[in-house]
Structure formats: structure tokens, C-alpha cells
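# Everything below, folded, please.
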Amino acid sequence: MNNILAAIILFTIGQAMIWFQTNGQFIWPWAKEHPWIMAMCGLPISYLLIIATKYIVAGFDGLLWPGRLVGFGTGMVVMAILTYCYMGEGINTKTLVSLFLATTLVFIQVFWKV
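Numbers count the residues shown, from 1 in each chain. Alright, predicted model coming up:
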């Protein structure tokens with residue numbers, strides 16, 4: 001369970017970094033003016049996600065699919081929170097249902113033992 005928790009934390013941090021990397025252009029003029037520098041941020045983000053994948057696969061006894069779905073679920077939650085906080089986009093019914101489904105995917109992968 002420690003590997004899974006570590007992976008979820010790393011996926012969440014990585015997804016937040018990706019959000020700022022791709023959407024920083026709408027928040028900070030500097031990021032809009034320097035897309036190549038923002039693109040170079042992809043190297044540490046990729047490394048972080050590789051390590052997260054290593055932990056999630058170890059936590060699920062060598063299975064890859066749980067990691068993909070946990071990464072997707074954490075990405076959906078991070079997207080909703082940061083888009084609301086920084087862009088002021090509210091959470092409508094469609095987004096709320098999507099967040100519920102993404103959270104459900106994560107819980108199924110973490111707690112449903114086959």
C-alpha cells in the first residue's frame with residue numbers, strides 16, 4: 001500500500017506540474033512569451049511520472065492498467081481543481097459527474113482486490 005500511496009502522490013504532483021506547464025500561458029505573460037522554456041519543463045515532469053509508474057506497478061504486483069487509470073483519475077481531479085482556482089471555470093454537472101467517475105476509477109483500482 002505504501003507504493004500505491006507514493007504513486008498517487010507523485011501522479012498528483014506530476015499532473016499539477018503538467019497543468020501549469022500547458023496552461024501557464026493563460027495565467028502569466030512570461031509563460032506565454034517563453035513556450036520553449038515551458039516545454040523544457042517536460043523533462044523533470046516525465047521523470048516524476050516514470051517514478052510514479054514504477055511505484056504503482058510495484059504496488060499492483062506488476063500490473064500496468066491500474067497505474068494508467070490512477071494517473072487518469074488524478075489528472076481529472078487536478079484539472080478540475082486548478083482550472084477552478086486559476087481560471088475561474090466553475091464545476092458544472094457534467095464536470096461533477098466526470099470527477100465522480102474519475103474518483104471511482106481510482107478507488108476501484110486501489111481497493112478492489114482480484
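
# What ranges does the protein have for its helices?
Listed from the start of the chain, the chain has helices (DSSP state H) covering 2-23, 29-33, 35-40, 42-59, 65-87, 93-111.

# a markdown table for those helices, including mean neighbour count?
The way it works is simple: take the backbone N, C-alpha and C, and place the C-beta from them, glycine included. A markdown table is the format used below for these (neighbours: other Cβ atoms under 10 Å):
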| stretch | mean neighbour count |
| --- | --- |
| helix 2-23 | 18 |
| helix 29-33 | 12 |
| helix 35-40 | 12 |
| helix 42-59 | 16 |
| helix 65-87 | 18 |
| helix 93-111 | 14 |
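
# what packs against the helix or strand bottoming out on mean pLDDT in the chain?
Across the helices and strands of the chain, the lowest-confidence element by mean pLDDT, DSSP states H and E is helix 93-111, at a mean of 86. When contacts are defined as 3 or more Cβ pairs under 8 Å, 6 or more residues apart in numbering; DSSP states H and E, helix 93-111 sits against helix 2-23, helix 65-87.

# what helices or strands is the last one leaning on?
Spelled out, that is helix 65-87. Taking 3+ Cβ pairs under 8 Å, 6+ apart as the contact definition, the neighbouring helices and strands of helix 65-87 are helix 2-23, helix 42-59, helix 93-111.
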